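*Asks:* No sequence on hand, only this structure:
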């Protein structure tokens with residue numbers, strides 16, 4: 001529910017509504033302008049910017065608030081759901097975007113003392129549906145068996161593992177995901193929101209404004225980010241700490257990517273990071289496997305394997321030794337491994353792992369196999385059997401939840417995952433690719449009480465777990481366990497779709513928030 005999502009990814013999302021005309025205007029994103037301008041009333045349109053009429057034509061419905069009671073094992077939860085929007089403005093009070101959110105607040109508790117947690121999926125371009133309907137929300141999309149199919153019934157069921165027992169929940173959809181949309185047609189506004197800093201600034205403002213709007217500034221606050229959320233969420237925490245005047249108690253990252261520099265190109269670490277997950281896929285085919293079972297592969301990956309990689313292909317003895325060991329660990333034909341010098345890209349592994357049977361592995365969960373539509377082609381033309389089948393049921397479930405259960409009926413298209421966002425995204429064109437390791441260090445150093453929880457799936461090839469392990473091992477002593485905790489479960493990018501992992505991760509989140 002999920003790094004730069006491959007073609008036709010997925011995600012989910014929610015509902016939204018605009019602020020009433022008499023509401024205070026929100027300040028918005030100016031990536032290079034730290035604190036945002038003070039809230040002001042909406043001003044008249046000026047040349048080169050949206051006119052009020054344009055903005056009003058794009059405005060979403062008013063917020064919808066509904067009451068619910070849900071019977072779950074051992075308890076009954078009574079809660080209030082709000083599907084709404086927060087309108088963002090620039091420093092001149094021109095409307096920029098309507099950001100959709102769905103919140104769930106437990107009834108009968110002291111709200112100001114109760115934790116509130118904000119959730120974002122990744123992409124960029126994904127709505128928050130995966131985390132809401134797959135993991136922490138009060139309703140969950142359940143599948144028969146472990147492998148979803150596109151025609152699965154999009155029926156939502158009460159989620160026994162909802163986090164609502166111990167924290168209120170706010171699921172946020174960045175602009176152009178879910179029902180969130182631009183209020184302005186100006187190209188410079190689009191470019192600003194579709195950038196690393198502009199995105200972070202806008203979402204930090206949304207969090208601050210939600211807290212103000214719902215009188216929750218005194219509540220303990222937590223942030224959850226998935227996938228590209230590994231880049232986004234630490235920066236949001238930093239922005240909240242330094243520019244928005246909002247402290248955060250804990251950061252939870254689900255299958256995060258911390259650093260684009262090591263996930264492609266000529267970096268040798270990409271092979272080190274992915275090898276344990278590839279080996280885990282081969283081992284799980286023979287029986288249940290846990291991270292503890294991968295200790296030997298992890299030791300080899302950061303030891304002899306890395307040493308032989310550094311020797312390069314000019315050292316034929318090291319290359320053959322490396323290729324043969326990789327073949328033995330992954331189950332891929334030794335001749336193929338030698339041809340590739342034991343250096344498997346993600347796409348190569350996905351195709352070669354079970355090519356003899358004409359099947360390709362998933363990217364988000366490589367333990368899931370699907371038919372290769374062109375098994376004899378020299379080019380790869382397969383989709384992701386572990387991720388793409390989720391698109392239809394998740395989209396239908398999110399739209400139905402919004403309209404029938406939460407009583408909010410916006411016009412326009414719901415974007416579970418919007419590929420146009422990723423294609424338009426400005427990742428920065430300088431010599432330094434995006435990374436958030438610097439922000440992780442800064443936020444942990446800035447507030448010694450802030451906690452970090454990082455969760456991964458063993459079989460995830462989109463953001464392999466060992467990549468995060470390497471990053472976390474480089475942090476200073478002040479960020480060592482138990483303050484910064486790292487957990488890995490059998491599963492993929494959305495490991496929480498498997499019940500044992502969902503239950504275990506919920507327990508970790510609850511322990512953090514106590």
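*Replies:* Received it, and whenever you're ready, just let me know what you need. None of the values given here were measured: they were computed from a predicted structure.
*Asks:* alpha carbons only for contacts and neighbour counts from here, please
*Replies:* OK.
*Asks:* average pLDDT across stretch 92-101?
*Replies:* The average of the pLDDT scores along stretch 92-101 is 96.
*Asks:* right, I mislabeled it, should have said stretch 215-233
*Replies:* 97.
*Asks:* What residues of it count as buried?
*Replies:* Of the residues in stretch 215-233, 216-217, 219-233 count as buried by neighbour count, 16 or more other Cα atoms under 10 Å.
*Asks:* Provide a list of residues in contact with the closest residue to residue 460 other than its chain neighbours.
*Replies:* Distance criterion Cα to Cα, 6 or more residues apart in numbering; nearest residue to residue 460, sequence neighbours excluded, is residue 492 at 4.3 Å. By Cα atoms under 8 Å, 6 or more residues apart in numbering, residue 492 lies in contact with 364-367, 456-461.
*Asks:* If we use 10 Å, what do you get?
*Replies:* The neighbours of residue 492, taking Cα atoms under 10 Å, 6 or more residues apart in numbering as the test, are 255, 277, 362-368, 386-387, 456-465, 498.
*Asks:* tell me the SS of it?
*Replies:* The three-state label given to residue 492 by DSSP: H, G, I helix; E, B strand; the rest coil is coil.
*Asks:* any chance you could map the helices in the stretch 351-500 of the chain?
*Replies:* Taking DSSP state H, counting those that start in this stretch as the test, the helices found in the stretch 351-500 of the chain are 391-400, 419-424, 437-446, 465-473, 499-513.
*Asks:* Tell me which other helices or strands the longest helix along the chain touches.
*Replies:* Criterion DSSP state H: the longest helix present in the chain is helix 196-213. When contacts are defined as 3 or more Cα pairs under 10 Å, 6 or more residues apart in numbering; DSSP states H and E, helix 196-213 sits against strand 26-27, strand 75-89, strand 95-106, strand 116-120, strand 168-173, helix 187-193, strand 221-226, helix 229-239.
*Asks:* okay, the angle between the fourth one and strand 95-106?
*Replies:* Orientation of strand 116-120 against strand 95-106 (axes from the mean of the first three to the mean of the last three Cα atoms, to 10 degrees) gives an angle of 130 degrees.
*Asks:* Tell me where the model's unsure across the stretch 401-514 of the chain.
*Replies:* Regions of the stretch 401-514 of the chain meeting the criterion pLDDT under 70 are absent.
*Asks:* if I look at the most centrally placed residue in the chain, how far off is residue 122?
*Replies:* By Cα atoms, centre = their mean, the mean C-alpha position of the chain lies nearest to residue 226, the distance being 2.2 Å. Note on residue 226: its distance to residue 122, by Cα to Cα, to the nearest Å, is 6 Å.
*Asks:* just residue 216 next, same as before
*Replies:* 25 Å.
*Asks:* Residue 481 too?
*Replies:* Going from residue 481 to residue 122 by Cα to Cα gives 26 Å.
*Asks:* And the two? Which one has more around it.
*Replies:* Shown here are residue 481 and residue 122; by other Cα atoms under 10 Å, residue 122 has more neighbours (31 against 13).
*Asks:* distance of the more buried one from residue 232?
*Replies:* Per Cα to Cα, residue 122 is found 8 Å from residue 232.
*Asks:* what's the overlap in contacts for those two?
*Replies:* With contacts taken as Cα under 10 Å, 6+ apart, the residues that reach both residue 122 and residue 232 are 225-226, 256-257.
*Asks:* Let me have those residues in TSV, extended by distance to residue 177.
*Replies:* Shown next, in TSV, are these (distance: Cα to Cα, whole Å):
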residue	distance to residue 177
225	15
226	15
256	19
257	20
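*Asks:* quick check, nearest of those to residue 242?
*Replies:* Nearest to residue 242 among the shared contacts of residue 122 and residue 232, counting by Cα to Cα, is residue 225 at 19.2 Å.
*Asks:* residue contacts, that closest one?
*Replies:* Contacts for residue 225 (Cα under 10 Å, 6+ apart) come out as 2, 118-122, 128, 131, 231-234, 236, 251-256, 454.
*Asks:* how does it look with 6 Å?
*Replies:* 120-121, 233, 253 (Cα atoms under 6 Å, 6 or more residues apart in numbering).
*Asks:* Please name the bridge partners of it.
*Replies:* With DSSP bridges as the criterion, residue 225 is bridged to residue 120, residue 253.
*Asks:* what's the spacing between it and residue 243?
*Replies:* When residue 225 is compared with residue 243 (using Cα to Cα), they lie 20 Å apart.
*Asks:* And residue 98, by the same measure?
*Replies:* Distance, residue 98 to residue 243, using Cα to Cα: 21 Å.
*Asks:* Between those two, point out the one with more neighbours.
*Replies:* Shown here are residue 98 and residue 243; by other Cα under 10 Å, residue 98 has more neighbours (32 against 17).
*Asks:* What count of nearby residues applies to the residue nearest to that one when sequence neighbours are not counted?
*Replies:* Computed as Cα to Cα, 6+ apart, the closest residue to residue 98 that is not its neighbour in sequence is residue 87, at 4.4 Å. Neighbours of residue 87 under the rule other Cα under 10 Å: 29.
*Asks:* quick one: residue 87 from residue 96, how far?
*Replies:* Look at residue 87 and residue 96: by Cα to Cα, they are 7 Å apart.
*Asks:* Residue 265 now?
*Replies:* Counting by Cα to Cα, the gap from residue 265 to residue 96 is 36 Å.
*Asks:* Who has more neighbours out of the two?
*Replies:* Between residue 265 and residue 96, counted using other Cα under 10 Å, residue 96 has the larger neighbour count: 27 against 9.
*Asks:* for that one, what are its contacts?
*Replies:* Residues near residue 96 by Cα under 6 Å, 6+ apart: 88-89, 183-184.
*Asks:* again, only this time at 8 Å
*Replies:* 28, 87-90, 182-184, 189.
*Asks:* Fine, thanks again, bye for now.
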